[in-house]
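[1] pasting a predicted model and its sequence here:
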Amino acid sequence: MAATQFFGERIKRNEDPRLLTGQALFTDDVDLPDMGHVAFLRSPYAHARILSIDTSSALEREGVIAVYTAESLGDYWQHGPLLVSPPPIKNIVFNERTQVPLAKDKVHHVGEPIVMIVAESRYIAEDAIDDIWVDYDPLPVIVDMEKALAPDSPCVHDDLESNVCAHVVQTKGQRSYEEVKAEAHLVIKRRFYYDHGTAAAMENRGVVAEWDHRAARLTVWDTTQAPVFIRNGLAAMLGLSENQVRVIAPFIGGGFGPKIMMFYPEEVLLPWAAIKLRRPMKWIEDRSENFVATTHERDQIHEAEMALSEDGHILGIHDVFIHDTGAYAPYGLTVPINSQCTLLGPYDVPVYYSEFTAVFTNKTLVTPYRGAGRQHGVFVMERLLDVAAKELGLDRTEVRRRNFIPVEKFPYNNEIIYQDFAPLRYDSGNYEPVLDKAIELVEYRKFIDEIQPKARAEGKYLGIGIVAYVEGTGIGPYEGARVQVQSNGKVNVATGIGTQGQGHFTSFAQIVADQVGVDVADVSLVTGDTDQFHWGAGTFASRGAVVAGNAINEAAKEVRRKILKFASEQLEAAEEDIELRNGEVFVKGSPDRAIALGTLAQQANPMRGAVKPDAEPGLESTNYFGPEYGATASGVHAMILEIDPETMQVDIQKYVVVHDCGNVINPLILDGQVHGGVAQGIGNAFYEKLAYDQQGQLLSGSFMDYLLPTSMDVPPIVVGHKVTESPLNPLGIKGAGEAGAIPTGALFAQAVEDALANPALEIKEIPLSPSRLWQLVQKPE
Amino acid sequence: MKDNQSISVTVNGKAYQRAVEPRLLLSDFLRHELGLTGTHVGCEHGVCGACTVLFDGQPVRSCLLFAVQANGHEVLTVESLAEDQDALHPLQQAFWEKHGLQCGFCTPGILMTLLPFLESNPNPTDAEIRLALSGNLCRCTGYQHIVEAVKLAAQNA
């Protein structure tokens, strides 16, 4: 790394003035002449045959431009691509079923689009929905995961013999679980239920598509986390060359995972209609559509067992779970594989048997949402450890400490296959200092010894929680970036990943500013525009900073090298004597003979004279970075809460996060990421619930029913940092985007249990709510 | 849904005369008729607060009003706060300093909610700030940096 000036500093963000003044371009802000507006007729049934569709009255409505059904699409009607194929695991079963642009013959979940209406305004397009008559024959609905696996259950997909989407077994260790169980001092067996809801980004999805018939070029503005894949996929579907398609992911109002899902039906249909009608097309999802048409994460049921020695060491874990994947599984097995892998956490588990069945149901599709299944696994592990601590009479921090992977065991191999198809290896970690710091910040001993006994004596229900987790971050395949010094002295960076509020315009600028010797504000970033940079995978799995950040660092280093080389020629001095600072190059000790970087960039691209045969013009470089495998971050969360025994309302009095994500580019941005993750974790633990009835209808499909945490519900969060560098990338960084959200459910359950101090009560499920807590207290299960 | 109605409305100090459908939402009118896209639409059922604007000085959800209801009234949107990006309003500046935004989608509504709040309560406590913010959903920040930004804005005022 170059002499650090900006890396590691709390620098305010380059992108904020645009956002604060309302000038940042979001997808719904794109307004084009002659634009058609799209609305969809979506299925009101979770499972039904479509007997007939009559669109004739809709077509007669004034202002309606076109009405399309599956039949209108002809050969363009195809199942969506499988985004992530099943990992190379022995004896894996995977029944590939992916979504379709418009339902044909049968609907598989409420909200599945059936008819697309194009009109002169969105208002008219929505009016026309009511003109359309669809004759449905309702079918038995598959809602409950366990019932879905019963031999006599009806099937979501007619061509499958059961509702099994996938079956996967992974094991770790030389010995079997049964063997170690036979030697165990204590065996704990529990059934856990974990439900993770919907991302509910404040901006819904949207697509705008424009076909330039003369240039034969398609431009698409899309609220996607993966613009390059969307471009490549659209080109393939539409029979175009990739360079005929430009995808722009402009400012995006929160992603959190569901916006990486592809292809959503709307992403397939809008470009097609724009070409067909030779008019720009716009569709902006409304919130009620978002609840049923944007992917969820939802629930798993685990039957888990842990075998322990007398001194509290884990001998083995046996976990069998079922995972609801919804009506289709275009994202493959990423979510349940993450659950399976992340369950092991920061602990040295010698023997692991993990088996899961992913189940099709008549519900919205399940794809990753911030945490991406990790929550479910962490919940199981942490709850088992809590029970173990109680049974063994150990302090809950002690049982964790005893099982932490010791520092000398890194890199640590967990043997099973992770979501990136690489073996689950932890690159580096040092867990005890993280735990110690959390104990200190939450004042654990003081709470246990003084505060809680005093509160109990006063009849108050105060509880503490403390849990640990790891997060696999920064997975491959690769990202790339082009760094270029402009003639005006500004430095331009182009990368392909797309951004949804993570502060990329600033953290990436910090990396470049250090290498090229300019101010952070003089580095401008373009991200998510495939005309500017068309290689890359996208922003997901806490990988942006790690993978794109390192690619940008490599490109900036190369530009630095070019600057020094060219400046040494211009200044007639040795390269090692050239200094690069404040946007200028000069010979050390002679700043009066400085050349501005912009001037140097112009000189490197001359109008006359000869550029040497082996030289490239300009001060520019494009580089790529792909890590060998993901970098594993870790953390400990702790909280103190009070429960009102009459209302079961929970008041979080203290929340501590100690986090280790290696070197930190911008601690201000990192704190924000952690705060936001915790807020989503608290929502998941106590407020948010996708409630379905037996007909597969979502009962909580509005913000009046699906409760996002407000400023009254999220407490101030104390964040502490530890640094264990990743050896897998030159910057030594690990991802942090999901860390805040991952362990909150487990933490909440532990703290609630501790507060209620009812020996019969075990919290084995998330989400909770005041009413659910009341039920559990009245009748512990 | 033809019979357009003529309305006169002052937005950010500029008088507009438009003929609009009675059912046109004020949020859509601001965004799509006037091109003031700084006001964002997050839920269209009055919960998230992203579309908050000032209506005769009071914060309202523009998704819960029809444009015709603004006839004869004065509306201020986020675009009224700063002439350009180099001359931010003190509240915007405080949000910048304290990292009070991430994706920035909810931010215009939050700014427009807090503006009259800070006028009526120039030295708010944390609890008062959180109460004032509680009608605006933010999915990114966890609110902490927003609370800090409001405190900073109050200090600097």
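    Structure's in. What do you need?

[2] please, which helix or strand holds whichever residue of chain B sits closest to chain A?
    At 1.9 Å from chain A, B:Gly38 is the closest residue in chain B, using Cβ to the nearest Cβ. For the C-beta atoms, the positions are set from N, CA and C on the backbone; glycine is no exception. B:Gly38 belongs to no helix or strand when assigned by DSSP states H and E.

[3] again with A:Ala509
    Per DSSP H and E: helix A:504-516 holds A:Ala509.

[4] what's the pLDDT at A:Lys106?
    We have a pLDDT of 97 for A:Lys106.

[5] ok, and the closest non-adjacent residue to it?
    A:Arg49 (5.3 Å; Cβ to Cβ, 6 or more residues apart in numbering or on different chains).

[6] what about whichever residue of the stretch 51-200 of chain A sits closest to chain B, how many residues close to it?
    Using Cβ to the nearest Cβ, A:Ala200 is the residue of the stretch 51-200 of chain A that sits closest to chain B, at 6.2 Å. With neighbours defined by other Cβ atoms under 10 Å in any protein chain shown, the count for A:Ala200 comes to 25.

[7] rewinding a little: ok now the helix holding A:Ala509, how far from the chain's centre?
    Relative to its chain's centre, helix A:504-516 lies at 23 Å (Cα atoms, centre = their mean, to the nearest Å).

[8] what is that helix packed up against?
    Applying 3 or more Cβ pairs under 8 Å, 6 or more residues apart in numbering or on different chains; DSSP states H and E, one finds that helix A:504-516 contacts strand A:479-485, strand A:491-495, strand A:523-527, helix A:549-571.

[9] quick one, which of these gets closest to chain B.
    strand A:523-527 (13.3 Å).

[10] tell me the mean pLDDT over the closest one?
    pLDDT averaged over strand A:523-527 gives 95.

[11] go on, stretch B:64-74?
    98.

[12] repeat that for stretch B:130-149.
    98.

[13] is it in proximity to chain A?
    Yes. Using Cβ under 8 Å from any Cβ of the partner chain, stretch B:130-149 comes into contact with chain A via B:130-131, B:133-147.

[14] can you check the pLDDT for residue 2?
    I'll assume chain A. 44.

[15] correction: the question concerned chain B.
    65.

[16] check B:Glu83 too.
    For B:Glu83, the predicted pLDDT is 88.

[17] give me the number of residues near it?
    B:Glu83: 11 neighbours (other Cβ under 10 Å).

[18] and the residue of chain A closest to chain B?
    Counting by Cβ to the nearest Cβ, chain A gets nearest chain B through A:Gly22, at 1.9 Å.

[19] quick one: closest of the helices and strands packed on helix A:504-516 to A:Ala166.
    strand A:479-485 (28.7 Å; Cβ to Cβ).

[20] and that closest one, what does it pack onto?
    If contacts are counted by 3+ Cβ pairs under 8 Å, 6+ apart, strand A:479-485 sits against strand A:491-495, helix A:504-516, helix A:549-571, helix A:597-603, strand A:620-625.

[21] partners of that strand, with directions?
    strand A:491-495 (antiparallel), strand A:620-625 (antiparallel) (DSSP bridges).

[22] A:Tyr692 is nearest to which of these?
    Nearest to A:Tyr692, of the strands paired with strand A:479-485 and by Cβ to Cβ, is strand A:491-495 at 39.9 Å.

[23] so which strand or helix has A:Lys189?
    A:Lys189 belongs to strand A:186-196, assigned by DSSP H and E.

[24] just checking: what are the partner strands of that strand?
    Here, using DSSP bridges, strand A:186-196 pairs with strand A:298-308 (antiparallel), strand A:765-766 (parallel).

[25] save the ones you listed as CSV, and put in mean neighbour count too.
    Converted to CSV, the strands paired with strand A:186-196 look like this (neighbours: other Cβ atoms under 10 Å in any protein chain shown):
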stretch, mean neighbour count
strand A:298-308, 23
strand A:765-766, 23
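
[26] can you list those in CSV and add mean pLDDT?
    Output for the strands paired with strand A:186-196, formatted as CSV (pLDDT from 0 to 100):
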stretch, mean pLDDT
strand A:298-308, 98
strand A:765-766, 98
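
[27] which one of these lies nearest to B:Thr125?
    Proximity to B:Thr125 (Cβ to Cβ) singles out strand A:765-766 among the strands paired with strand A:186-196, at 32.5 Å.
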